[in-house]
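Asks: Make a model of this:
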Amino acid sequence: MDSIGAPVGKGGINIRDDVMTVQRLLNARLGTSARLKVDGVAGPRTVAAIEAFQRGDMRLGQPDGLVEPGRRTITSLTRPALAGRLHATRSSGSVSVEDVVPGDRLSGAAWWYAHQARYPNSSSLDDLAPGFRQDARRFIAALREGGANVHVSATLRNPTRAHLMHYSWRVSRGQIAHADVPGIDGCDIIWDHGDLTRSRAAAAEMVRLFRIVFKPSLTSNHIRGTAIDMTIDRPASLAVSDGRGIKVTITSAAELHQFGATFGVHKLATDPPHWSANGR
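Replies: Got it, this is the predicted structure:
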């Protein structure tokens, strides 16, 4: 059996049989000189091997050295080694990458339709960070009181969705190699389709489906809950009270942006629907 009943590794319960299972699985991935002694002891070498597997095979930026039941590390350990299977794929003209990697793990349109709904963004003002939430509510209320129509399309962005959007964009444009995309816990996706052209095309499909127009940031204000995307339809002349209680008349986009700033809601001019706490 390749399953474990309790966590193994750094901070784990480290039941002997579970540790031996993990050691055997790690040995199947390690070179002969790096093999672990299958002794059921989760010592420094075993923890280091777990971290090396997480950093290398799983491409985790911050490996935790822990293998937990039902989580991504044990799932990855119990799969046949992907690197070896992809190497065989590239070496044989008669085998396609789809023959060695389950289709629901490969990036592209099929992955997007099957999985992207697991990582939803929010369009609710309730999900904004507390201080910015109040500022945005006051700003929108003032606009509506003056007769403007405001439609909010996005507030808090799911960090996994941000990761997927960011790397879809970069892979599709050749800014990063498909094999170098870092993994993210809880998101099972393979960007490597066996060759550059197919990998970039699959990423481009995801860019199209995500409707990405500008390169998505991994440090966006949306991820912190301090940004909002909205469209504002206003009369040619909009009479309103600004954030200081002063009556103003808005007749241009520049005046609208100045008006928002009095509430602490700042416009990013290069991104039409985007407003944030700092203008970025």
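
Asks: Please count neighbours and contacts with C-alpha atoms only from this point.
Replies: Noted.

Asks: starting at the chain centroid, how far to stretch 143-155?
Replies: Averaging C-alpha coordinates over stretch 143-155 and over its chain gives two centres that are 28 Å apart (Cα atoms, centre = their mean, to the nearest Å).

Asks: For that stretch, give me every contacting residue.
Replies: The contact list for stretch 143-155 (Cα atoms under 8 Å, 6 or more residues apart in numbering) reads 121-125, 127-128, 140, 222, 225-235, 238-240.

Asks: Tell me how this structure divides into domains.
Replies: 8-79, 101-118+160-216, 125-157+220-276 (automatic domain parsing).

Asks: Output the ones you listed as a markdown table; include the columns mean pLDDT and mean neighbour count.
Replies: Output for the domains of the chain, formatted as a markdown table (pLDDT from 0 to 100; neighbours: other Cα atoms under 10 Å):
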| stretch | mean pLDDT | mean neighbour count |
| --- | --- | --- |
| domain 8-79 | 86 | 18 |
| domain 101-118+160-216 | 88 | 18 |
| domain 125-157+220-276 | 95 | 18 |
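
Asks: Give the phi and psi angles for the nearest residue to residue 202 once chain neighbours are set aside, as a check.
Replies: Nearest residue to residue 202 in three dimensions, chain neighbours excluded: residue 108, at 4.1 Å (Cα to Cα, 6 or more residues apart in numbering). Dihedral angles phi and psi of residue 108 (degrees, to the nearest 10) take the values phi 130, psi -170.

Asks: May I have the residues that are in contact with residue 108?
Replies: The contact partners of residue 108, by Cα under 8 Å, 6+ apart, come to 201-206.

Asks: Which of the residues you listed fall within helices?
Replies: Taking DSSP state H, the ones among the contacts of residue 108 that sit in helices are 201-206.

Asks: Let's have those in a markdown table, adding distance to residue 175.
Replies: Formatted as a markdown table, the ones in helices among the contacts of residue 108 follow (distance: Cα to Cα, whole Å):
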| residue | distance to residue 175 |
| --- | --- |
| 201 | 14 |
| 202 | 15 |
| 203 | 12 |
| 204 | 13 |
| 205 | 16 |
| 206 | 16 |
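
Asks: Touching, residue 9 and residue 45? I think so.
Replies: No - counting by Cα atoms under 8 Å, residue 9 stays clear of residue 45, with 10.1 Å between them.

Asks: Tell me where the stretch 101-250 of the chain has strands.
Replies: Ranges of strands within the stretch 101-250 of the chain are 149-154, 227-233, 238-241, 247-250, based on DSSP state E, counting those that start in this stretch.

Asks: which one of those lies closest to residue 117?
Replies: Among the strands of the stretch 101-250 of the chain, strand 149-154 comes nearest to residue 117, with 15.0 Å by Cα to Cα.

Asks: Could you list the paired strands of the closest one along with their orientation?
Replies: strand 227-233 (antiparallel) (DSSP bridges).

Asks: neighbouring contacts of the partner strand?
Replies: Contact with strand 227-233 is made by 128, 132, 148-156, 221-222, 273-277, as judged by Cα under 8 Å, 6+ apart.

Asks: And it, how far out from the chain middle?
Replies: 23 Å.
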